[in-house]
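Participant: Take a look and give me a structure for this.
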Amino acid sequence: MSEFNIIDHPHRRYNALTGEWILVSPHRSKRPWQGQVEKAQEEQRPQYDPTCYLCPTNPRVGGDSNPDYKSTFVFTNDFSALLSDTPNGAMNDSDLLKAESEQGICKVICFSPRHDFTVPEMEVDGIKEVVDLWCNEFAELGKIDFINYIQIFENKGSIMGCSNPHPHGQIWASKLIPIEISKEIDNQKAYFEKHGRTLLEDYVAKELQLKTRILAENDTFVALIPFWAVWPFEGMILPKKAKANLLELTDAERRDFADMYKTLTVMYDNLFEVSFPYSAGIHQAPTDGGEHPYWHLHMHFYPPLLRSASVKKFMVGYEMLASPQRDITAEGAAERLRSLPTVHYKHH
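Facilitator: Below you'll find the model as predicted:
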């Protein structure tokens, strides 16, 4: 047999953040595609929708009305998944049926008063206002005694469960540490104890040296396709130097973060010339009062589109029963995104 080649041969890749593995089958992406390739018909939305419960001045289902906000706006979710007044309690039946109560606070952040905008269509200054609001909310929620972790995230597109197209995100602040965060704590901590540096600072330095998976960079942030990506065009935004949470960013670094947020999402939209759906979220150190020198702030992007505006990747079969798998290599995905225009397709 010929010598193993990571670009051509099936192999497993290790996710250093979670300690999990993914199967990569690059030879499968060379097969001809005879499926759907059509472009999606995009809905033309107005700047203001009188029926939208996130637009300025409009009433919400819970009975409150939104103020006439001009930039960003935050409120407690009218249908919160977590409640601050949940009583403490637990059950354990023979170590088989176990449950415990959970407390938390859920908020909604409107990114803009414009109903017809998405993040890639906003100006960097407007996105920076979103980052500033994230910082303010992280600071306030982190002061609450029972809040030990704060998850900031955005679902974009109906296929990602987004029930309202108005540009917005959410914050779920919880008492317990979520599962994905626990994995990242264990692996980042082990790496830091072994090397004395954060895992992701060393990882970013390695990626900047290789360049094969880097999508864009500015003074303090990079956007890249992670080596261990599961989703076809999965992305990450990271500061080049370790920052445990948003509050450690300077004003200039917040703007660099906003710049990378826009740059990556413009790439996504331009790939199939459609408002590209994704789930994205920021992972940062817990707010449990402990020291977390190993933690490195980062933002994950999980987009489902595979070959066109309508062809999506699903976790099925082997992936649900055994291991995640992908055909397009991270390097190939990065090359495709890098080759795209930097101006949003609607403005070409």
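
Participant: ok, the residue nearest the centre of the chain - contacts?
Facilitator: Closest to where the C-alpha atoms of the chain average out (CA atoms, centre = their mean) is Ala280, at 1.9 Å. Listed by CB atoms under 8 Å, 6 or more residues apart in numbering, the contact set of Ala280 reads 153-154, 156, 299-302. From N, CA and C alone the C-beta is placed, and that goes for glycine too.

Participant: Could you identify the helix or strand that succeeds the host helix or strand of it?
Facilitator: Ala280 is located in strand 278-283, with elements delineated by DSSP states H and E. The C-terminal neighbour of strand 278-283 among helices and strands, as given by DSSP H and E, is strand 298-302.

Participant: Please point out which parts of that next one sit buried.
Facilitator: For strand 298-302, a neighbour-count test (16 or more other CB atoms under 10 Å) marks 298-302 as buried.

Participant: Then stretch 321-334?
Facilitator: 324-334.

Participant: Tell me the one of those residues nearest Glu20?
Facilitator: Pro324 (7.9 Å; CB to CB).

Participant: returning to that earlier point: among the contacts of Ala280, which has the minimum pLDDT value?
Facilitator: When these are compared on pLDDT, Lys156 comes out lowest, with 93.

Participant: So what's the residue count around it?
Facilitator: Look at Lys156: counted by other CB atoms under 10 Å, it has 24 neighbours.

Participant: would you list every one of the helices in the stretch 1-150 of the chain?
Facilitator: 124-142 (DSSP state H, counting those that start in this stretch).

Participant: Show me where it dips below the pLDDT cut-off.
Facilitator: Across the stretch 1-150 of the chain, the ranges flagged by pLDDT under 70 are 1, 29-42.

Participant: could you redo the last one with a cut-off of 80?
Facilitator: For the stretch 1-150 of the chain, residues meeting the criterion pLDDT under 80 lie at 1-2, 5-6, 27-43.

Participant: so Tyr261 sits right up against Glu123, yeah?
Facilitator: No. Applying CB atoms under 8 Å as the test, Tyr261 and Glu123 come out as separate, 11.7 Å apart.

Participant: which of the two has more neighbours?
Facilitator: Comparing Tyr261 with Glu123 by other CB under 10 Å, the one with more neighbours is Tyr261, at 25 against 12.
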